[in-house]
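Undergrad: Next input, structure requested:
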Amino acid sequence: MPSKLPQFTVRIDPKLLLKLRYIAEYNARSANREVEMLIKKHVEGFEKAHGKIEL
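TA: Reported below is the predicted structural model:
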């Protein structure tokens, strides 16, 4: 069954993508999960510095 989560397309330098995949594999994650973890950390850092983002 297809995921109902929103999709987001990113254009990225091919070498950077290969490095991301290497790191993801090292962390036993898919590249998608690795990017999700990076985004979560970035949002948490932003909220720590600027306050919680209310949606």
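Undergrad: can you pull out the helices in the chain?
TA: Applying DSSP state H to the chain gives helices spanning 14-26, 31-50.
Undergrad: As CSV, these with mean pLDDT, mean neighbour count and distance to Pro6 would be great.
TA: The way it works is simple: take the backbone N, C-alpha and C, and place the C-beta from them, glycine included. Output for these, formatted as CSV (pLDDT from 0 to 100; neighbours: other C-beta atoms under 10 Å; distance: least, C-beta to C-beta, whole Å):
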stretch, mean pLDDT, mean neighbour count, distance to Pro6
helix 14-26, 98, 12, 20
helix 31-50, 97, 11, 12
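Undergrad: For Phe8, find the nearest of these.
TA: Closest approach to Phe8 among those is made by helix 31-50 (9.0 Å; C-beta to C-beta).
Undergrad: now the closest one, how far from the chain's geometric center?
TA: Remark: helix 31-50 is offset 7 Å from the chain centroid, using C-alpha atoms, centre = their mean, to the nearest Å.
Undergrad: What is it packed up against?
TA: On a contact count with 3 or more C-beta pairs under 8 Å, 6 or more residues apart in numbering; DSSP states H and E, helix 31-50 meets helix 14-26.
Undergrad: returning to that earlier point: now distance to Met1 too, for the helices of the chain, in a markdown table please.
TA: Converted to a markdown table, the helices of the chain look like this (distance: least, C-beta to C-beta, whole Å):
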| stretch | distance to Met1 |
| --- | --- |
| helix 14-26 | 24 |
| helix 31-50 | 17 |
